[in-house]
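In: Here you go, sequence then predicted model.
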Amino acid sequence: MKIVFVLTQSLDSPSGLGRYGPLAREMAKLGHEMSVLALHPSWDNLIRQQYVEQSVTVHYVSQMHVRKEGSRKYYYSPGKLLVISLLAVARLARALAYNQAEIIQLCKPHPINITAAKLARRGRPIFCDCDDYEAETNHFNGRWQKSIISYYENSIVNYVNGITTNTRFTYERYRAIGFPTERIIYVPNGVESSRFAENANIDLLRRQMQIQPDSPMVLYLGTLGLKSHPIDLLLQAFTKVVKIIPKAKLMLVGGGEDYDFLQEEAARLGIIANTLFVGQVPADQVSDYLQLATVSVDPVHDDLIARARSPLKVVESLAVGTPVITSDVGDRRETLADGKLGLLVKAGDANALAFGIITMLQNEPLCREMSCAALKERHHWRWDKLVHDFAQIYNLG
């Protein structure tokens, strides 16, 4: 089959890097002719707007709805956002009209790619993958913007041929809206085995970052944006951790709109000397930082955002054998095998999170046991396995 993925972001975004890029490449390995039409956060400065990589044709057609510079993310004013969005719709629709794909695969139910797909459909089946609760997750300048996102996110049930979700919460949400369950397939997030080999030179990385060998490492890997990721909760918890384990280090890998604020907050809390802001790192180095960590942390509140999210940081951490500390929200208990692969603490509670971190850092045998268990289970999260579940959606077209 000829299939085109339509993204409103880039393939080096978290979802692009962790879900849609791997899916496209694995689909190509199965013999499908794959292409990707996408938007980019720095489109004007993009050197390669079109290329072929691992048998997947990638074409960036316009600027996405946010701008990224290094480890920082910036949002546009409502007027500028409208202009950028309309231009993106027009360019995506034009590219789709010329694309010879037999199937249109929407990657996230966003107004831009939905509108473009409807304009250029030409009788082709449309499928949609939903990996977040968009109306809750996105940054808005007003309620009217949230209403628009919510309308588009819910209205896909009226015209798509099938829906894939990465959480059971989202599966149930679309079932409750009225979409037939036989046309919804649950496919959790996974990892590309080629990116998560156990070959990191931990000693070299420690020396480069000037970290002492006896300093236990706590890692947060992901977006530094407080709207969807309560890293402030982790910083509050870490103030209690360093009182008990003074040599402990907190390493924040990633970028986002609150990068600078979180640095200021770490300084205000008095933990800046124990906190490493690494920033955005190349995709092929993510595994190295995960293996450097003693534990990784996915801090969450028990809200709709967390229930609808299948955190890539969790499965990526487990794939290299690094135990995870998170909370029993959404699918996290299932992912951690009911606590065998990591520790579950009370959601939204800095004291509980701190106790969990201290417990893990002071219990090396427990960490080792969880690490071994995770390595035994990691084949369940490999995209070369999960792709077969995902591809079943096209049998519904």
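Out: In hand now; what should we look at?
In: Quick check: what element follows the longest helix seen in the chain along the chain?
Out: If you go by DSSP state H, the chain has its longest helix at helix 78-98. Remark: after helix 78-98, the chain's next helix or strand is strand 103-107, criterion DSSP states H and E.
In: Show me what that next one pairs with in its sheet, parallel or antiparallel.
Out: In the sheet, strand 103-107 lines up against strand 2-7 (parallel), strand 126-130 (parallel) (DSSP bridges).
In: JSON lines please, covering these and showing mean pLDDT, distance to E182 and mean neighbour count.
Out: Quick note: C-beta positions are derived from backbone N, CA and C, even for glycine. Shown next, in JSON lines, are these (pLDDT from 0 to 100; distance: least, C-beta to C-beta, whole Å; neighbours: other C-beta atoms under 10 Å):
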{"stretch": "strand 2-7", "mean pLDDT": "97", "distance to E182": "21", "mean neighbour count": "24"}
{"stretch": "strand 126-130", "mean pLDDT": "97", "distance to E182": "14", "mean neighbour count": "23"}
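In: Rebuild those strands as a markdown table, extending it with distance to P180.
Out: Below are the strands paired with strand 103-107 laid out as a markdown table (distance: least, C-beta to C-beta, whole Å):
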| stretch | distance to P180 |
| --- | --- |
| strand 2-7 | 22 |
| strand 126-130 | 14 |
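In: Now G321: closest residue in space, sequence neighbours ignored.
Out: Counting by C-beta to C-beta, 6 or more residues apart in numbering, S371 is the residue found nearest to G321 once chain neighbours are left out, at 4.1 Å.
In: The helix or strand that the one you found is a member of - what's its average pLDDT?
Out: S371 is located in helix 364-377, with elements delineated by DSSP H and E. Helix 364-377 shows a mean pLDDT of 95.
In: now do stretch 230-241
Out: Across stretch 230-241, pLDDT averages out at 97.
In: again, but for stretch 158-173
Out: 96.
In: Now do it: distance from first to last residue.
Out: Chord length of stretch 158-173, first to last residue, is 15 Å (C-alpha to C-alpha, to the nearest Å).
In: if we can go back for a sec, export the longest helix of the chain to PDB, keeping only CA atoms.
Out: Output of helix 78-98 as PDB, limited to C-alpha atoms (Å, rounded to 0.1, in the frame of the first residue of the first chain):
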ATOM      1  CA  PRO A  78      -3.300  34.800  17.900                       C
ATOM      2  CA  GLY A  79      -3.000  36.900  14.700                       C
ATOM      3  CA  LYS A  80       0.300  35.500  13.700                       C
ATOM      4  CA  LEU A  81      -0.800  32.000  14.600                       C
ATOM      5  CA  LEU A  82      -3.900  32.300  12.300                       C
ATOM      6  CA  VAL A  83      -1.700  33.300   9.300                       C
ATOM      7  CA  ILE A  84       0.800  30.500   9.900                       C
ATOM      8  CA  SER A  85      -2.000  28.000  10.300                       C
ATOM      9  CA  LEU A  86      -3.900  29.000   7.200                       C
ATOM     10  CA  LEU A  87      -0.600  28.800   5.200                       C
ATOM     11  CA  ALA A  88       0.200  25.400   6.600                       C
ATOM     12  CA  VAL A  89      -3.300  24.100   5.700                       C
ATOM     13  CA  ALA A  90      -2.900  25.300   2.100                       C
ATOM     14  CA  ARG A  91       0.600  23.900   1.700                       C
ATOM     15  CA  LEU A  92      -0.300  20.500   3.300                       C
ATOM     16  CA  ALA A  93      -3.500  20.300   1.200                       C
ATOM     17  CA  ARG A  94      -1.500  21.000  -2.000                       C
ATOM     18  CA  ALA A  95       1.200  18.500  -1.100                       C
ATOM     19  CA  LEU A  96      -1.500  15.900  -0.300                       C
ATOM     20  CA  ALA A  97      -3.300  16.600  -3.600                       C
ATOM     21  CA  TYR A  98      -0.100  15.700  -5.500                       C
END
